[in-house]
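K.L.:
fold the following.
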Amino acid sequence: MPDVTCLRCGQARAGFEKPPFPGVIGARVLEGTCTVCWGDWLRQQTMLINHYGLNVMDPQARKFLTQNMEAFLFRAGAQAEVDTSRQGTIDW
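P.N.:
The predicted structure follows:
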């Protein structure tokens with residue numbers, strides 16, 4: 001695997017051979033995310049899906065997860081904090 005300088009942790013670590021996510025965001029992940037931080041994102045994503053009871057087939061849920069992925073990996077925008085009073089919904 002090629003090394004990348006990760007935008008999240010700032011370290012030179014192993015990257016990906018091919019994008020782990022489709023589209024433009026996948027290309028950004030390929031160019032600037034290490035496999036360690038991607039693993040951290042997958043754990044965060046699982047926590048968000050379980051906490052909010054997300055149906056990943058729902059476009060609103062996918063948009064929510066994509067926005068959180070960008071915030072988590074690229075520090076772009078606000079990342080959702082787990083708010084136990086909003087468990088089961090992503091309506092703000």
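K.L.:
stretch 57-73: which residues count as buried?
P.N.:
By neighbour count on 16 or more other C-beta atoms under 10 Å, the buried set for stretch 57-73 is 61, 64, 65, 68, 69, 70, 72, 73. To be clear about C-beta, it is placed using only N, CA and C from the backbone, and glycine gets the same treatment.
K.L.:
equivalent analysis for stretch 32-50, please.
P.N.:
32, 33, 34, 37, 38, 40, 41, 44, 45, 48.
K.L.:
which ones are touching the third one?
P.N.:
I take that to be residue 34. If you count contacts by C-beta atoms under 8 Å, 6 or more residues apart in numbering, residue 34 has them with 4, 6, 8, 9, 11, 13, 14, 15.
K.L.:
now the last one: how far from residue 34?
P.N.:
By that I understand residue 15. With the distance defined as C-beta to C-beta, to the nearest Å, residue 15 ends up 6 Å from residue 34.
K.L.:
likewise for the second one?
P.N.:
Separation of residue 6 from residue 34 (C-beta to C-beta): 4 Å.
K.L.:
list residues touching both of these two?
P.N.:
By C-beta under 8 Å, 6+ apart, the residues touching both residue 6 and residue 34 are residue 13.
K.L.:
one step back: can you redo the buried residues of stretch 32-50 as CSV with pLDDT, distance to residue 24 and secondary structure?
P.N.:
Listed next are the buried residues of stretch 32-50 as CSV, based on pLDDT from 0 to 100; distance: C-beta to C-beta, whole Å; DSSP: H, G, I helix; E, B strand; the rest coil:
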residue, pLDDT, distance to residue 24, secondary structure
32, 95, 13, helix
33, 96, 14, coil
34, 97, 19, coil
37, 97, 18, helix
38, 97, 16, helix
40, 97, 21, helix
41, 97, 17, helix
44, 95, 21, helix
45, 96, 18, helix
48, 94, 21, helix
